[in-house]
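In: Show me how the following folds:
(chains A, B, C and D)
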Protein chains: 4
Amino acid sequence: MKSSTTETPAELTAKSLAAIEQIQGKLDYGTWTQNERIALSCRLLAANGHAETLAGQLTVRQDDGTFMTVPLGRGFFEVRASNLIRIDKSMQVIEGSGAANPAIRFHLWVYNARPDVRCIVHTHPPYVAALSMTGQPLKVAHMDATPFFDDCAFLPTWPGLPMAEEEGEIISRALGPKRSILLANHGFLTATPSIEESLYLAILLERCARNQLRAAACGSIAELDADLARESHDFLLRPEIVKTTFATMSREYLAGKDVCVIS
Amino acid sequence: MKSSTTETPAELTAKSLAAIEQIQGKLDYGTWTQNERIALSCRLLAANGHAETLAGQLTVRQDDGTFMTVPLGRGFFEVRASNLIRIDKSMQVIEGSGAANPAIRFHLWVYNARPDVRCIVHTHPPYVAALSMTGQPLKVAHMDATPFFDDCAFLPTWPGLPMAEEEGEIISRALGPKRSILLANHGFLTATPSIEESLYLAILLERCARNQLRAAACGSIAELDADLARESHDFLLRPEIVKTTFATMSREYLAGKDVCVIS
Amino acid sequence: MKSSTTETPAELTAKSLAAIEQIQGKLDYGTWTQNERIALSCRLLAANGHAETLAGQLTVRQDDGTFMTVPLGRGFFEVRASNLIRIDKSMQVIEGSGAANPAIRFHLWVYNARPDVRCIVHTHPPYVAALSMTGQPLKVAHMDATPFFDDCAFLPTWPGLPMAEEEGEIISRALGPKRSILLANHGFLTATPSIEESLYLAILLERCARNQLRAAACGSIAELDADLARESHDFLLRPEIVKTTFATMSREYLAGKDVCVIS
Amino acid sequence: MKSSTTETPAELTAKSLAAIEQIQGKLDYGTWTQNERIALSCRLLAANGHAETLAGQLTVRQDDGTFMTVPLGRGFFEVRASNLIRIDKSMQVIEGSGAANPAIRFHLWVYNARPDVRCIVHTHPPYVAALSMTGQPLKVAHMDATPFFDDCAFLPTWPGLPMAEEEGEIISRALGPKRSILLANHGFLTATPSIEESLYLAILLERCARNQLRAAACGSIAELDADLARESHDFLLRPEIVKTTFATMSREYLAGKDVCVIS
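Out: Numbers count the residues shown, from 1 in each chain, chains lettered A, B, ... in the order given. Predicted structure coming up:
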């Protein structure tokens, strides 16, 4: 498990090193501002089924200890850089209009326990929701699922509506030092140093849950060799891959619109 | 089970009370008229797969004992505030043009048995239809399914086409004082004091059936603790949550249109 | 099983009779020409996933013994009243340009065996395809599936590419006097006196296969009482229901277009 | 197994010969340039769910031993004839801008072992991904799956990220002389003499995996008679069928756009 996006190439295998060398400096990460990347992330979450109800939040810790987020009742489909809110550590709105989602309380517990984390995504998308009802953890049985290898915790019981201090303590403890966690009877959390990485893992996790449910309905699932999975985990979480994926998904979303919809 | 949207905050837990206090007065419920909310509800039902056949009705009881509804053969995708019909207790059209859906007869039985009910939604969406073929009731195994905790009845046998008095009697008796009912080999019914709440439960129920089918195909399902589920039931059915969800889903639907399509 | 759309109301139950009386004369069947209804049917098939490959045909018998159809390689998504072809009994094109689909040969066998049939639809949509791989016939376990009650044959083995006389003989014999047939490892056929009815059954059948697969993945399926299913079969195949469903689906398809796309 | 698209009609059965004769010369293959067909193929892959991550490549061998492909990070949804790159045998970019996807290394192994191959498609679409997690090979249990009869290899273990020489050797050896291969815990490869054929098989394979997963979730799968499957394999891989399918899918894609998006 690695919670930083700044591991040096020296930690990678020779194969990965050669691949990184081949692509470095030739990739397009986009030039969106922080708040535009928040808006893009919310739009991508909505477009990928992560916003069926009011539940679900994205928060980004700022250098001054405040947090940027989306007000309760603002659909992820309509988020713009200009309609975010800034809240303080007691969840009071100090910039923008609307109310903070009461469930953000448990984000604060995670930020407190994990100084490396700058962005948390929490949603209940359909396949993660269904998987969360089975009592089974995520299985890493596909190359594209390796970003969760030894890096996705599991909370096996539902502590109730995640709006009080108790649930914050339970969830942050269960997450530990990992990037992601599957919450039984509920949803998931991704917590990393960047908006791009938390969004990338959120989108991936829903797809991995989908694939696992479809495979499991047909019988047994063949998990991956641990060493190969770890190598793939480290490569697929390289900033070059994460940032390029974020930019490509964002361009695809924006390509369907006539005018800029996120500013 | 609670069939009213007006329970006082005093009935809520301390956690829920604090959450409600945080958000009250800061939410956008929209300003649509009654008939526009009926049109929006039909559009949302169509957009969420609830209108694959002519079957399915939405009715709203008026103060004078008449009912607003959609004529048979008017697709839910094309309903407007201006093309509804008003019918009397004998299902005669007294305003607008077209015929009442013969299946509305069983709605009248429910309205008669339940003075608190103002809006009934009945459809056969795909996942509810599939679940209704298995002989199994809805299971509450996810936080988002708690609005159905101890509040979704089950009619285990199909009484035939729901167009005569007999089926009305059977269905209204099976519903009892609950908000929702799953009808074996058929579909579902939501019956509450408001358009927003019946629509919200209708959309949720189809998603819960979807999640249950996907989870059940992989093995056992882990249901929720009863006390936590009840607390969540009461919170997620608060008018603040119901109305904000309705408004957000409606804005998302309308955002995809160039001009107003519901007036 | 009834293969005619002209059964008299006297054959219906009292409940159905009352319902028909309530709606008769108040429904909108549209005013499309025969060839426009063919084009609409093809567009609806494409929009509902029935045209993933070149396979699939729709034919309509004319009074003079010729047939209207779509040339091979014309996608169902692009069919217009003006780009159909007319073929004779030896599958020669006598009007329009392009080649007849070689698989139409088995349609001719059905038309020969069934003087009541005027329109045949044959496709391989995804859920019917999957169901056809399981070796199981269609089960009637939902009200909306009753148009197939005792009225959907089953060919349990695949006779090979359906392009020679032998397959025509096998398929027409297996169909017998019924409206529909499920073809193992292949697809389905609907054969009725009207374009609207064959299209309606085609769309319904794919949805029934979908629901059956989803229900069966979770365990056993509870089939319907035979008498109630038969009553519902007869009602849901009334011309009022069939034509109104066709018109509603067609208006929904056309509502998504800026200009007329079928003429 | 046949890896050539130029088998003479003499190799076909009488039934297939008659069908080919009926349609030859009456089909529309389009007039797109090679690079436009590459762009169309990428767009079709994206539209069919083959491009959820950065993984996935399409390469086309040129007469001079170089390869046309898509640079890493260029989404398949946005490929044009004008933004492709040309690379040499050491994966250096010699025309256009951007970096080659490091995984193209294993394509080179296949091209080296298979002089007949001109186009390789490799992706991880959702249903192939799920099937690849089950440890089961593709089953040919539907007429539309017969292009894979005795013509789809299976690599039962994942050798790790496919970026070094070792994986290229393993994958090319496992493919052998076949057109397609399913890669456990990973995805698939189609390798044929033409862009149209590799694309056609790629799209088909994902649909076959989908159908197999849905059927398998309900019980056993009934496979096809070998002789009939082989006859259908040969017919459905005829250039007339392959090229017409490619052209029809391409027109359908382009029909949804206002202007030309692939030049």
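In: buried stuff in whatever helix or strand residue A:109 lives in?
Out: Assigned by DSSP states H and E, residue A:109 belongs to helix A:105-113. Residues of helix A:105-113 classed as buried by neighbour count (16 or more other Cβ atoms under 10 Å in any protein chain shown): A:105, A:106, A:107, A:108, A:109, A:110, A:111, A:113. C-betas here are computed from N, CA, C, even on glycine.
In: what subset of these is also close to chain B?
Out: Counting by Cβ under 8 Å from any Cβ of the partner chain, the subset of these that neighbours chain B is empty.
In: so which of those residues comes closest to residue C:32?
Out: residue A:107 (56.1 Å; Cβ to Cβ).
In: The closest one against residue A:56, yeah?
Out: No. Judged on Cβ atoms under 8 Å, residue A:107 makes no contact with residue A:56 at a distance of 11.7 Å.
In: Can you list the strands that the helix or strand that the helix holding residue A:109 is followed by pairs with?
Out: Proceeding N to C from helix A:105-113, the next assigned helix or strand is strand A:119-123, under DSSP H and E. Sheet pairing here is set by DSSP bridges, and for strand A:119-123 it gives strand A:57-61 (antiparallel), strand A:187-192 (antiparallel).
In: Between the ones you listed, which one is closest to residue D:174.
Out: strand A:187-192 (35.0 Å).
In: Kindly export the following helix or strand past that closest one (C-alpha atoms) in CSV.
Out: Following strand A:187-192 in sequence order, the next helix or strand is helix A:195-216 (DSSP H and E). Output in CSV follows, covering the C-alpha atoms of helix A:195-216 (Å, rounded to 0.1, in the frame of the first residue of the first chain):
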residue,chain,number,x,y,z
ILE,A,195,-8.4,15.4,-6.7
GLU,A,196,-7.4,13.4,-9.8
GLU,A,197,-6.4,10.3,-7.8
SER,A,198,-9.4,10.2,-5.6
LEU,A,199,-11.7,10.6,-8.6
TYR,A,200,-9.8,8.0,-10.7
LEU,A,201,-10.1,5.5,-7.9
ALA,A,202,-13.8,6.3,-7.3
ILE,A,203,-14.6,5.6,-11.0
LEU,A,204,-12.4,2.5,-11.1
LEU,A,205,-13.9,1.1,-7.9
GLU,A,206,-17.5,1.1,-9.2
ARG,A,207,-16.3,-0.7,-12.4
CYS,A,208,-14.5,-3.2,-10.3
ALA,A,209,-17.6,-3.9,-8.2
ARG,A,210,-19.6,-4.3,-11.5
ASN,A,211,-17.1,-6.8,-12.9
GLN,A,212,-16.9,-8.7,-9.6
LEU,A,213,-20.7,-9.1,-9.4
ARG,A,214,-21.0,-10.3,-13.0
ALA,A,215,-18.2,-12.8,-12.6
ALA,A,216,-19.3,-14.0,-9.2
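In: What residues of the strand or helix carrying residue A:40 count as buried?
Out: Taking DSSP H and E as the criterion, residue A:40 maps to helix A:34-47. Using 16+ other Cβ under 10 Å as the test for burial, helix A:34-47 gives A:35-47.
In: joint contacts of residue A:107 and residue A:56?
Out: Listed as contacting both residue A:107 and residue A:56 by Cβ atoms under 8 Å, 6 or more residues apart in numbering or on different chains are residue A:122.
In: coming back round to it: how far is the helix holding residue A:40 from where the chain is centred?
Out: 12 Å (Cα atoms, centre = their mean, to the nearest Å).
In: is it true that residue A:224 touches residue A:139?
Out: No. Applying Cβ under 8 Å, one finds residue A:224 not in contact with residue A:139, separated by 9.2 Å.
In: any chance you could map the helices in the stretch 151-263 of chain A?
Out: Ranges of helices in the stretch 151-263 of chain A, per DSSP state H, counting those that start in this stretch, are A:165-175, A:195-216, A:226-236, A:239-255.
In: Can you say which of these is packed in most?
Out: The highest mean neighbour count among the helices of the stretch 151-263 of chain A, using mean count of other Cβ atoms under 10 Å in any protein chain shown, belongs to helix A:195-216: a mean of 26.
In: need the contact list for the residue nearest the centre of chain A.
Out: Centroid-nearest residue in chain A, with Cα atoms, centre = their mean: residue A:198, separated by 3.1 Å. By Cβ under 8 Å, 6+ apart, residue A:198 lies in contact with A:41, A:58, A:119, A:120, A:121, A:190, A:191, A:192.
In: So the last one sits against residue A:119, correct?
Out: Yes. Counting by Cβ under 8 Å, residue A:119 is a contact partner of residue A:192 at 6.3 Å.
In: circling back to that earlier point, got the contact list for the helix holding residue A:109?
Out: Helix A:105-113 has contacts (Cβ under 8 Å, 6+ apart) with A:57, A:59, A:61, A:67, A:89, A:91, A:117, A:120, A:122, A:162-165, A:167-169, A:171-173, A:175, A:189, A:191.
In: relative to helix A:165-175, how tilted is that helix?
Out: Helix A:105-113 and helix A:165-175 are oriented at 50 degrees to each other (axes from the mean of the first three to the mean of the last three Cα atoms, to 10 degrees).
In: and the residue of chain A found nearest chain C, how many residues sit next to it?
Out: Relative to chain C, the nearest point of chain A is residue A:217 (5.7 Å; Cβ to the nearest Cβ). Residues within reach of residue A:217, counting by other Cβ atoms under 10 Å in any protein chain shown, total 23.
In: Return the distance of it relative to residue C:171.
Out: Distance of residue A:217 to residue C:171, given as Cβ to Cβ, to the nearest Å: 32 Å.
In: near chain D, which residues of the stretch 51-200 of chain A show up?
Out: Residues of the stretch 51-200 of chain A lying near chain D (Cβ under 8 Å from any Cβ): A:141, A:142, A:143, A:144.
In: For residue D:58, see how far away residue A:247 is.
Out: Distance from residue A:247 to residue D:58, counting by Cβ to Cβ: 20 Å.
In: who in chain A is up against chain C?
Out: Residues of chain A lying near chain C (Cβ under 8 Å from any Cβ): residue A:217.
In: for chain A, what are the low-confidence residue spans?
Out: Chain A contains residues with pLDDT under 70 at A:1-11.
In: try it again with 50
Out: Within chain A, the ranges that satisfy pLDDT under 50 run A:1-10.
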